[in-house]
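Student: can't give you the sequence, but here's the structure:
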């Protein structure tokens, strides 16, 4: 299996694992979006909390030019570490939610 296909499978597994957790509020559902063709992977929470609409990204990851771009990470411990533990090298992961000028200070790819 080529590296990008492997990254794809790891990302999908991690997102599905997070989606299996109960959001903790009645009326809120986890929604998983997996788009292999465009390289977009996302976990959203959607629903209603009383009168307030809930619709937001928990995890958003893209694959761009062979690298894994974490666009949004709303997890408690950070999804990047889980991706590394699952086999994606740090130098293939971009913390896209950090400004490009700050990425060089992380242990991950700059872009």
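Tutor: Okay, I see it. Just so we're clear, the structure is a prediction, and the values are computed from it rather than from any experiment.

Student: Contact partners for residue 42?
Tutor: Counting by CB atoms under 8 Å, 6 or more residues apart in numbering, residue 42 touches 15, 32, 33, 57, 59, 60, 61. No exception for glycine: its C-beta is placed from N, CA and C like everyone else's.

Student: Mind giving me the PyMOL select for those residues, buried ones only?
Tutor: To isolate in PyMOL the members of those that are buried, counting by 16 or more other CB atoms under 10 Å, one can use:
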select buried, resi 15+59+60+61
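
Student: now the helix or strand hosting residue 32, how far from the chain's geometric center?
Tutor: Assigned by DSSP states H and E, residue 32 belongs to strand 28-35. Distance of strand 28-35 from its chain centroid, counting by CA atoms, centre = their mean, to the nearest Å, is 11 Å.

Student: Any buried residues in the longest helix seen in the chain, and which?
Tutor: The single longest helix within the chain, with elements called by DSSP state H, is helix 3-19. For helix 3-19, a neighbour-count test (16+ other CB under 10 Å) marks 7, 8, 10, 11, 14, 15, 18, 19 as buried.

Student: Could you report the neighbour count for the residue nearest to the last one when sequence neighbours are not counted?
Tutor: Right, residue 19. With sequence-adjacent residues excluded and distances taken as CB to CB, 6 or more residues apart in numbering, residue 19 is closest to residue 30, at 4.3 Å. When neighbours are defined as other CB atoms under 10 Å, residue 30 has 18 of them.
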